[in-house]
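In: Quick one: sequence plus predicted model below, questions after.
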Amino acid sequence: MAKKSKCPLEGRWRITWMDQWDQNFVDEEVEGNFEFDPNNSGSFHFGYVQGDIDYRNGIRDTKPCVEFTWDGNNEMDAAHGRGWASLDGDEITGMIFFHQGDESEFKAKKAKRK
């Protein structure tokens, strides 16, 4: 089996802006974040929404990106959807979609290691 190449978006990203929700909501339970782990998996958490990610590497407008599906919860109700994130300099920009529901653009910066 061929070895997978490392994802350029791998790591934890701190959400700095979402067009549908203010930063106070984004950081309500924890600092809003996306995390892309090796082996095409990851997670996210903002507001009362959290989910597990299944992603694939790609290219969007000549920039490295991931396209993902997610499964999780929104205020304790089951939720799922899809999204994408593209590397743009030192941040990622993207969209997250809730199946038959909300959608939001977002921006995030690489989280500092503790």
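Out: Done, it's in.

In: For the residue positioned nearest the centre of the chain, give me phi and psi.
Out: By CA atoms, centre = their mean, the chain has its centre lying nearest to residue 34, at 4.0 Å. Torsion angles at residue 34 (phi, psi; degrees, to the nearest 10) stand at phi -120, psi 140.

In: in the protein, what spans have low per-residue confidence?
Out: The chain contains residues with pLDDT under 70 at 1-5, 113-114.

In: The same query, at a cut-off of 50, please.
Out: Applying pLDDT under 50 to the chain flags residues 1-2.

In: Please, which helix or strand holds residue 80?
Out: Here residue 80 sits within strand 77-88, counting by DSSP states H and E.

In: ok, now which ones touch the nearest residue to residue 94 once chain neighbours are set aside?
Out: In space, and not counting its chain neighbours, residue 94 is closest to residue 85: 3.5 Å by CB to CB, 6 or more residues apart in numbering. Where you see a C-beta, it was placed from the backbone N, CA and C, and this is true even at glycine. Neighbour list for residue 85: 9, 13, 34, 36, 65-66, 68, 92-94, 106, 108 [criterion: CB atoms under 8 Å, 6 or more residues apart in numbering].
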